[in-house]
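> coords please:
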Amino acid sequence: MIKAYGYDDPRLVTNKPDKKKWIHLVLAIAFLILFWLALDYKLLAGNNWLSETYDNPDWRTNEGDLHTYGAWDLETHVWKTEYIMQNFPHFNWNPYWYLGMPLLKYYQIGFYGVHALFILITGLAAAKAALLLIILGHLLATLLTFYLCYHFSRKIWVSALSAAFLLTNTFISLRSYGWEPITVVFLFLFPLGLILFFKEPLNPFRFWLILVLGLAYLAHPLLWFALCMTMGLYLLTIALKREKDPYANNTRYLWKFVFIVLLSMLIGAVQFLPQMSYVQVTSGAHMGVKYLPFYQVPFNIISLKDFFFDAGNLKGPGPILMIAALFLLVFAILHRKRQAPSTKKTVFTHELVIGLASVLFVMILFYYTERYNIFPMNVLSSIQYHRIIPEFIIIGAVLVACLSNIIQTRKQKIFYYSALTAFVIVSCIIVYNVQAKWQTTPDISNKPEFIREPVQGRISMPYTDQSFSVRNSFTLTPQVYGYYEQGITNPYADELFSVSSGYHDADKTLLYLKAANVGRLYVNMQEGERDRIVVRRMSRTLAFVNNGTRYAYFIVPLKDLSFAQAVDGNDAAEVQNLSPGCRVLFKVKYCGSKGEEFVSNDPAEVAYLKSYVDLLEKPYSSNAAMTMDNPDKYSIAVTDATIDTEIIVKMTYDTDFQAHTPDGKKASIEPIGPYFMLIKPKTEGNYVLTLDYRINKFTKIGFFISIITIISLALFFIIRPKATLWKEFKGGDL
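Numbers count the residues shown, from 1 in each chain. I've put the predicted structure just below:
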């Protein structure tokens, strides 16, 4: 039986391999590597950081027409790895970031392990190591895309030119380096998974394919989702013709596909189970689709014109989709008008072309309607997302390469090669124009935008100044950033303020700042309409410190700046009684504060937070002082306590925290206020509480499930007759 409907199917891949294969192969690989060097030489030759978008006074940090304006994300991931390495093994909780948050329940674990290992092996600074990982990962993804395209076309230069789009497209080659470095490092898993799948698509139950799918889940859920989408949609297009073709008649391949998806999630159980066990972030910035109807913003602000034509300004993937659409249209017209019979399949009958075109169409549809923000992000409870453009650049490249199999005349061949070459040249021009404005810069750690002075309480800065915010979250300064438009949302919110309710008055702003233990409210004095509005509204309410630099700040009058505060338990109970129950806002039912995005328009929430702030400002005879032994362990010294004394810890409530009194008795912990912790020791006098953050049972269970699944699969394929690991791997899987 032939390997039906894959790249080894002689009915579909009819091109003969290029002559003088090795000479052309070496030249093609050299072409891609030199192209990659031309794109990345500034990064290779530069210092620790990405580009001057951080501090260039003409471009401004993360504002304006920035070609790498997401660079702060790379900065974030670099510091997360450093944080893990510096605090290992006590790195699971970060008290400085946002309102306190778990690290690995919140983020995929793959990047940080690989990054730390690369740092230890090379001895490089964390930022330089991350940069090298990203650009080398990009090169590996390009070379594997070239290899994948060759399987579909058997033409070396068709494959090289098609793969070049992954380099020339400015979104993946520039912006993604800063915006979502994790997906660039592991992007190679997507073409690798397709190489394994399309070898024998009607037999997806194979060890290496399952393993790569599981690793893709651990690397980034959207890589996993893109692979699952591609495989699932392609198999569905084959199943639709099961009545006409005996190879597609037995649809067990669909059930095998479902089974390997489930197995890949078991491999990723060490990530999957913890993420499903915690309260998912519902920040509008990251999960925007859920709340877009209330923002009065259309789905995906990128216009259809920009999506195709504005690649230089990072609006869309650009040339690769244009040429794919052009080829499909032209060949459809030519094949519809075809007079003479031909043994070659047409654009209407070629299963690989139809399947890949269907996948690409659905990917674009999902992107353009922002559905990637709903699934898998909401379903899988993962905060990490990006706009999946790199994956459908690869699908587009493979589709373009595959179309070479349906060329039927010399004129069609001339048109195909001429158009492909022309579009690559256009892409090169786009990259050149962007590169001319792009420069590396020395290490930024000595810039004045770091806050190194001791600050009591938290600081808050404008959401649009993410780089400033992220930097200071790793200088041991507890911080949070926001839009200044709304109140506290939920446990692991990215912003102290959200975007749905519009501007509110100074009193509500002050209420939310006090509730979140923010002692300084920063504004950008050089730009930003929001900042100017905040200055006008808050200047009559709070003391303003402006030292003439880019950033000024308001001083928030907190009664108690510490992160642990003793309160009367009876008063705390009265506050908790005001905690919002179930109510309907904007035709959506909310129960409690979780997922609630309309705080400033919610009287119940406002009353609750006001009562909480009043509790903090009420005089009380007992005292509490908290010290950090390590990020996962805290000691709270309590003095003059009564049996009713309770302790508010001004960090986000998490079920993995445990508190114990000196006699080893476990003290209960409940959420209060902006989802902070209320500890109930039920102990009198002077004593020291311990507060520990522990790896939860879901992580431990998930770890064992992941290991057992991999071992069991390996043993199954070793023992299984006629399907050993070697035979599964042999013959072009890699």
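> From here on, just use CA atoms for contacts and neighbour counts.
Will do.
> Could I get the buried residue list for stretch 664-671?
By 16 or more other Cα atoms under 10 Å, the buried positions in stretch 664-671 come out as 667, 669-671.
> and the two most separated of these?
Based on Cα to Cα, the longest span within those runs between Ala667 and Pro671 and measures 13.4 Å.
> The buried residues of stretch 664-671 in helices, which ones?
Per DSSP state H, helices hold no members of these.
> Looking at the residues you listed, which one is closest to Leu328?
Taking Cα to Cα as the measure, Leu328 sits nearest to Pro671 out of those, at 56.9 Å.
> And that closest one, how far from Asn517?
16 Å (Cα to Cα, to the nearest Å).
> next one: Ala141
45 Å.
> Over to Arg530?
Relative to Asn517, and taking Cα to Cα, Arg530 is found at 22 Å.
> Looking at the two now, which is surrounded by more residues?
Taking other Cα atoms under 10 Å, Arg530 and Asn517 do not tie; Asn517 has more neighbours (28 against 18).
> which residues sit in contact with the more buried one?
457-458, 558, 561, 650 (Cα atoms under 8 Å, 6 or more residues apart in numbering).
> Using the three-state scheme, assign Arg530.
Under DSSP: H, G, I helix; E, B strand; the rest coil, the three-state class of Arg530 is helix.
> Going by distance to Gln86, which of the contacts of Asn517 wins?
Arg458 (22.2 Å).
> and Asp692, how many residues sit next to it?
Around Asp692 there are 19 residues (other Cα under 10 Å).
> Grab the nearest non-local neighbour of it.
Distance criterion Cα to Cα, 6 or more residues apart in numbering; nearest residue to Asp692, sequence neighbours excluded, is Lys633 at 4.5 Å.
> one step back: quick check, nearest of the buried residues of stretch 664-671 to Asp9?
Distances from Asp9 to the buried residues of stretch 664-671, taken as Cα to Cα, are shortest for Pro671 (59.7 Å).
> you'd agree the closest one is up against Thr655?
No - counting by Cα atoms under 8 Å, Pro671 does not reach Thr655; the two are 9.6 Å apart.
> helices and strands around the lengthiest helix in the chain, which ones?
The helix spanning the most residues in the chain, taking DSSP H as the definition, is helix 126-153. Judged by 3 or more Cα pairs under 8 Å, 6 or more residues apart in numbering; DSSP states H and E, the packing partners of helix 126-153 are helix 21-45, helix 71-87, helix 110-122, helix 156-168, helix 176-179, helix 181-185, helix 189-199, helix 389-402.
> tell me, which of the ones you listed is the model least confident about?
Lowest mean pLDDT within these: helix 176-179, a mean of 47.
> Model confidence for Gly685, exactly?
pLDDT at Gly685 comes out at 95.
> what's it in contact with, if anything?
Here Gly685 is in contact with 638-642 (Cα under 8 Å, 6+ apart).
> ok, of these, which come out buried?
By 16+ other Cα under 10 Å, those give 638-639, 641-642 as buried.
> want to throw those into CSV with distance to Leu585, secondary structure and pLDDT?
What follows is the buried ones among the contacts of Gly685, written out as CSV (distance: Cα to Cα, whole Å; DSSP: H, G, I helix; E, B strand; the rest coil; pLDDT from 0 to 100):
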residue, distance to Leu585, secondary structure, pLDDT
Val638, 41, strand, 97
Thr639, 43, strand, 97
Ala641, 41, strand, 96
Thr642, 41, coil, 96
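> Now flag whichever of the residues you listed is closest to Gly569.
Closest to Gly569, out of all of the buried ones among the contacts of Gly685 and judged by Cα to Cα, is Thr642, at 9.5 Å.
> I'd like the distance between that closest one and Met626.
From Thr642 across to Met626, the span is 18 Å (Cα to Cα).
> and the helix or strand harbouring Leu263, how far out from the chain's middle?
Assigned by DSSP states H and E, Leu263 falls within helix 252-267. Distance of helix 252-267 from the chain centroid (Cα atoms, centre = their mean, to the nearest Å) equals 24 Å.
> Need the contact partners of that helix.
By Cα under 8 Å, 6+ apart, the surrounding residues in contact with helix 252-267 are 201-205, 210-211, 213-215, 217, 228, 231-232, 235-236, 272, 702, 705-707, 709-710.
> Identify each buried residue in that helix, please.
Neighbour-count burial for helix 252-267 [16+ other Cα under 10 Å]: 253-254, 256-257, 260-261, 263-267.
> after that helix, next one along is what?
Moving toward the C-terminus from helix 252-267, the next helix or strand (DSSP H and E) is helix 269-277.
> Give me the buried stretch members for that next one, please.
Neighbour-count burial for helix 269-277, with 16+ other Cα under 10 Å as criterion, is recorded at 269-276.
> tell me the mean pLDDT for it?
Confidence over helix 269-277 (mean pLDDT, whole number) is 82.
> Measure how it sits relative to helix 252-267, angle-wise.
80 degrees (axes from the mean of the first three to the mean of the last three Cα atoms, to 10 degrees).
> How is this protein divided into domains?
21-69+143-261+290-435, 458-516+518-555, 560-695 (automatic domain parsing).
> Turn these into JSON lines, including distance to Ala116.
Formatted as JSON lines, these follow (distance: least, Cα to Cα, whole Å):
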{"stretch": "domain 21-69+143-261+290-435", "distance to Ala116": "13"}
{"stretch": "domain 458-516+518-555", "distance to Ala116": "17"}
{"stretch": "domain 560-695", "distance to Ala116": "19"}
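> And the ones you listed, which one averages the lowest pLDDT?
Looking at these, the bottom one is domain 458-516+518-555 with a mean of 72.
> What is the end-to-end distance of that one?
Distance between the two ends of domain 458-516+518-555: 11 Å, counting by Cα to Cα.
> now stretch 547-555
Span of stretch 547-555 from end to end, Cα to Cα: 14 Å.
> Would you mind listing the outside residues contacting that stretch?
Stretch 547-555 is touched from outside by 519-526, 538-539, 542-546, with contacts defined as Cα under 8 Å, 6+ apart.
> buried stuff in that stretch?
For stretch 547-555, using 16+ other Cα under 10 Å, the buried residues are 551-555.
> chain center to it: distance?
32 Å.
> next one: stretch 109-128
Distance, centroid of stretch 109-128 to centroid of chain: 19 Å (Cα atoms, centre = their mean).
> Report the buried residues of that stretch.
In stretch 109-128, counting by 16+ other Cα under 10 Å, buried: 109-112, 115-116, 118-119, 126-128.
> ok, now stretch 18-30?
For stretch 18-30, by 16+ other Cα under 10 Å, it's 25, 28-29.
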